[in-house]
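[1] I would like the atomic coordinates for the input below:
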Amino acid sequence: MKFNVRLKTILLSIFGLFILFLIGTVLFFNAQPVDKRVTTPVESDYSVRDDGFKLESGIVSGRNWVDGNNIEVLTRGKDIFEAMHEDISASQKSITKETFNFFGDDVGMPMAEALAGAAERGLNVHFLMDYIGSVPAGQEKFDRMENSGVEVVRWRKPAWYQLSRFNHRTHRKLLVVDGKVAYTGGANTADNWLPDIDDGGYKDYHFRITGPVVSEIQGAFIENWILSEGTLLLGEGYFSRQDTTGTLSMQVSSGHPREGEVKLRKMLLHALASARETVRIGSAYFFPDEGFLEALARTSGRGVQVQILVPGEKIDQNYVRLASQSQWGTLLEAGIEIYEYQPAMYHAKLMIIDDYFVTVGSTNFDNRSFRLNDETNVNILGSEFGEKMTEFFEEDLRDSKLITYEDWADRSFLDIAAGWVIARVIGSYL
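    Numbers count the residues shown, from 1 in each chain. All right, here's what the predicted structure looks like:
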């Protein structure tokens, strides 16, 4: 009898603790601030060529424009990694690197060796990678770097006591050498980016940047280094006074899971509102929220030509393509041109407005980039660079299939049904 009473007491105690836990959880999450995203239409009195646009976009992004920079476009994986290795080999003070994917014997291991070699020469080397994106890397790469003195951080390892880590990834692609040379763009540090597209490699764009804006890119890296390690990196080894290296005005726009949607999504909406002639978007994964889709339709409705380039059947995550296609009807009806790239997986992330404003970096045009991932973009103003990127974009269009409204409506019942379901699953997940 006493045993039954004791068991009942224990069970009631466990039940009571469980109820208290649920109440505490509800109170905790309701105590968190809930940020509003921009929900009303964005309007701009300025085109991207006006000084007023620079002023307003600085306020929107929270970052000023920096003059006197140069940017080099790298279109082949071999060229991307060769340039990185050359700068790492010549480095004298520090290397900071952040990436989502890190793996492979042809790209991952040589990068591990290069960073290890720099650390063995006495440089301060910091490598922050996403935990999920580096799962395939293999322990030997981590051991090689750590044993040489590289500070390696595999960020946001999923844990049962902090499940949000699983959904919040760092998706950035940053490399800064000596605080003087920076790289960003769509390419991860992984084997998929090494072959040419005819040999199964990804179609992507990466950029080598010099000039005063490199300090802003370094600042974006250090934001996440603080969040992961609690260490503030300062000094001439990381930040150096730089002479102008070109004529381009650039701005860094970066964000974290909560503020990322405020900064990056807001930046893109403001740029769209400032378009007067053309908007060209290239995105590996295109699945924005309804408000962003409406902004694209409004832009087209103002007489602006809007072109969107996305992967075709060779996409690496076909469920995203099916979900994306479920959104295209409204865009096609609004006169927006949608193209699917045919030769390979299209992995670029860029937007070109009026052949003058260009934004490049890690941000896809989807809710994951807007709301959940850590992302960094570099915005560039200039006719010469804008026209160059337009040439690359138009070259890619020639290797793409234009999707008409009839093509879209003629999808198979299975694709329509799967896209509808996946879109709602993804929508709730994001």
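[2] may I have stretch 148-157 as PDB, with CA atoms only?
    Extracted as PDB, the C-alpha positions of stretch 148-157 are listed here (Å, rounded to 0.1, in the frame of the first residue of the first chain):
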ATOM      1  CA  SER A 148      49.000  23.100 -37.200                       C
ATOM      2  CA  GLY A 149      47.400  25.800 -35.200                       C
ATOM      3  CA  VAL A 150      44.400  26.800 -37.300                       C
ATOM      4  CA  GLU A 151      41.400  27.800 -35.200                       C
ATOM      5  CA  VAL A 152      38.700  25.600 -36.600                       C
ATOM      6  CA  VAL A 153      35.000  26.200 -35.600                       C
ATOM      7  CA  ARG A 154      32.300  23.900 -36.800                       C
ATOM      8  CA  TRP A 155      29.400  26.200 -36.000                       C
ATOM      9  CA  ARG A 156      25.900  25.300 -34.800                       C
ATOM     10  CA  LYS A 157      26.300  21.700 -34.100                       C
END
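[3] buried ones in that stretch?
    S148, G149, V150, E151, V152, V153, R154, W155, R156 (16 or more other C-beta atoms under 10 Å). All C-beta atoms are positioned from the backbone trio N, CA, C, and that covers glycine.
[4] same deal with stretch 51-58?
    In terms of neighbour count (16+ other C-beta under 10 Å), stretch 51-58 has its buried residues at F53, K54, E56, S57.
[5] what about that stretch, average pLDDT?
    Throughout stretch 51-58, pLDDT has a mean value of 94.
[6] give me the contact list for that stretch.
    Residues outside stretch 51-58 that contact it (C-beta atoms under 8 Å, 6 or more residues apart in numbering): 44-47, 64-65, 249, 251, 267, 270-271, 274, 357, 379, 381.
[7] how far out from the middle of the chain is that stretch?
    What separates the centre of stretch 51-58 from the centre of its chain is 23 Å, taken as C-alpha atoms, centre = their mean, to the nearest Å.
[8] again with stretch 121-138
    Centroid separation for stretch 121-138 versus its chain: 18 Å, with C-alpha atoms, centre = their mean.
[9] ends of that stretch, how far apart?
    24 Å (C-alpha to C-alpha, to the nearest Å).
[10] mean confidence for that stretch?
    Stretch 121-138 comes out at a mean pLDDT of 96.
[11] could I get the buried residue list for it?
    Under 16+ other C-beta under 10 Å, the buried positions of stretch 121-138 are 123-134, 137.
[12] go on, stretch 339-357?
    Neighbour-count burial for stretch 339-357, counted by 16+ other C-beta under 10 Å, picks out 339-341, 344-357.
[13] same thing with stretch 62-69?
    Across stretch 62-69, burial judged by 16+ other C-beta under 10 Å covers G62, R63, W65, V66, G68, N69.
[14] tell me the one of the residues you listed nearest I209?
    Proximity of the buried residues of stretch 62-69 to I209 (C-beta to C-beta) peaks at N69, which lies at 6.4 Å.
[15] in a strand, that closest one, correct?
    Yes - per DSSP: H, G, I helix; E, B strand; the rest coil, N69 lies within a strand segment.
[16] what sits against the nearest residue to T210 once chain neighbours are set aside?
    Among residues not flanking T210 along the chain, T245 sits closest, at 4.3 Å (C-beta to C-beta, 6 or more residues apart in numbering). T245 is in contact with G68, N69, N70, T210, G211, counting by C-beta under 8 Å, 6+ apart.
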